[in-house]
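*Asks:* With the sequence up front, the predicted model follows.
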Amino acid sequence: HLATSLPLPSERDHLRPRIDLIAFMIDIKSKYSLKNVEASLAYVDASFFLGKVCFLVTGVGRVNYCSVEMNAIWKLGEVYRSPVLFCELELEGVRVATAQRLLRMLQICAGHVPGVSALSFGSLMRNSADD
């Protein structure tokens, strides 16, 4: 399911499936994109930041057209203890690899990978980013 911002409308709450992963998309070429994500974060329950949120940054192949500072993006990941993934959606190979990473993250967050929890996965992502 996709949403342009949060909170989600409450009138369909009873029909909404369980939410296993929230991927916030930030277009590096749009300051509005970052501001929208920052505003939406206030509506996410704190328990989701224990391995069930990630930030997907698009447009990284066009660094010359950046409107968003990379420090602001890294700070989001740090403050919310959530992984930051970078991709260029216009390149098919990168798009496919990113989709596969997101799918694997979703499988872990949904509890479909034995022995790995969303919390331990988030910790692994942070440790690999530190290396």
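*Replies:* Looks like it came in fine. Numbering: from 1, shown residues only.

*Asks:* need the helix or strand of the protein with the lowest average pLDDT.
*Replies:* The element with the least model confidence among the helices and strands of the chain, by mean pLDDT, DSSP states H and E, is helix 118-130, at a mean of 61.

*Asks:* From the structure, what's the count of residues near residue 82?
*Replies:* Residues contacting residue 82 under the criterion other Cβ atoms under 10 Å number 23. Bear in mind the C-beta positions are built from the backbone N, C-alpha and C, glycine included.

*Asks:* And the pLDDT for it?
*Replies:* If you check residue 82, the pLDDT there is 90.

*Asks:* so is residue 54 in a helix, a strand, or just coil?
*Replies:* Remark: residue 54 carries the secondary structure label strand [criterion: DSSP: H, G, I helix; E, B strand; the rest coil].

*Asks:* I'd like to know how many residues surround the closest residue to it other than its chain neighbours.
*Replies:* What sits nearest to residue 54 in space, not counting adjacent residues and going by Cβ to Cβ, 6 or more residues apart in numbering, is residue 83, at 4.8 Å. Look at residue 83: counted by other Cβ under 10 Å, it has 21 neighbours.

*Asks:* Surely residue 83 and residue 76 touch.
*Replies:* No. Judged on Cβ atoms under 8 Å, residue 83 makes no contact with residue 76 at a distance of 10.7 Å.

*Asks:* Need the residues touching each of those two.
*Replies:* Overlap between the contact sets of residue 83 and residue 76, as judged by Cβ atoms under 8 Å, 6 or more residues apart in numbering, is given by residue 55.

*Asks:* for residue 49, what are its contacts?
*Replies:* Applying Cβ under 8 Å, 6+ apart, the residues contacting residue 49 are 80, 81, 82.

*Asks:* how does it look with 6 Å?
*Replies:* Each residue near residue 49 by Cβ atoms under 6 Å, 6 or more residues apart in numbering is listed here: 80, 81.

*Asks:* Helices of this structure, start to end?
*Replies:* Along the chain, the stretches classed as helices by DSSP state H are 31-41, 70-79, 92-109, 118-130.
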